[in-house]
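J.: This is the structure alone, sequence omitted:
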Ligand SMILES: [Zn+2]
């Protein structure tokens, strides 16, 4: 295993390659995935699922089925468009709850 300095970690991230983040410097989510600042939103999505019974989410043209497995797949393998769409949906849901 190659050791990276913090500075080197900051430049290395293979999330786009579909294998999760290779740059585990920022934080660990509820499923044990590690993320850097650049893909922290992926961990945010997982953590939101963890506190909301892994509920199914759907925002055209994307969807996550209910269950941690599907959140894991989405966070680790889907592209940024989907992740940001889901983050936007979550924020809308949160805001709707605050108003209600
Ligand atoms: Zn990353």
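T.: That came in fine, so what should we check first? Keep in mind it's a predicted model, so treat the numbers as computed, not measured.
J.: What residues sit buried inside the helix or strand harbouring residue 87?
T.: Using DSSP states H and E, residue 87 sits within helix 80-99. Residues of helix 80-99 classed as buried by neighbour count (16 or more other CB atoms under 10 Å): 82-83, 85-86, 89-90. Placement of C-beta: from N, CA and C, glycine included.
J.: Just list what it packs against, helices and strands only.
T.: helix 40-50, strand 57-59, strand 62-64, helix 68-77 (3 or more CB pairs under 8 Å, 6 or more residues apart in numbering; DSSP states H and E).
J.: Looking at the ones you listed, which one is packed in the most?
T.: Of all those, helix 40-50 carries the top mean neighbour count, a mean of 20, counting by mean count of other CB atoms under 10 Å.
J.: And the contacts of it?
T.: 15, 21, 26-31, 33, 35, 55, 64, 68, 71-72, 74-76, 83-84, 86-87, 90 (CB atoms under 8 Å, 6 or more residues apart in numbering).
J.: Check the offset of it from the chain's centre.
T.: Relative to its chain's centre, helix 40-50 lies at 5 Å (CA atoms, centre = their mean, to the nearest Å).
J.: Spatially, and excluding backbone neighbours, which residue is closest to the most centrally placed residue in the chain.
T.: In the chain, the C-alpha nearest the mean C-alpha coordinate belongs to residue 42, at 1.5 Å (CA atoms, centre = their mean). Using CB to CB, 6 or more residues apart in numbering and skipping the chain neighbours, the partner closest in space to residue 42 is residue 75 (4.3 Å).
J.: what's the distance between the one you found and the ion?
T.: Per CB to the ion, to the nearest Å, residue 75 is found 11 Å from the ion.
J.: just to revisit the earlier point, can you put the buried residues of helix 80-99 in TSV and add pLDDT and distance to the ion?
T.: As requested, the buried residues of helix 80-99 are exported to TSV (pLDDT from 0 to 100; distance: CB to the ion, whole Å):
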residue	pLDDT	distance to the ion
82	94	16
83	94	11
85	97	18
86	97	17
89	97	21
90	97	19
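J.: would TSV of these with distance to residue 50 be doable?
T.: Shown next, in TSV, are the buried residues of helix 80-99 (distance: CB to CB, whole Å):
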residue	distance to residue 50
82	19
83	16
85	19
86	14
89	16
90	12
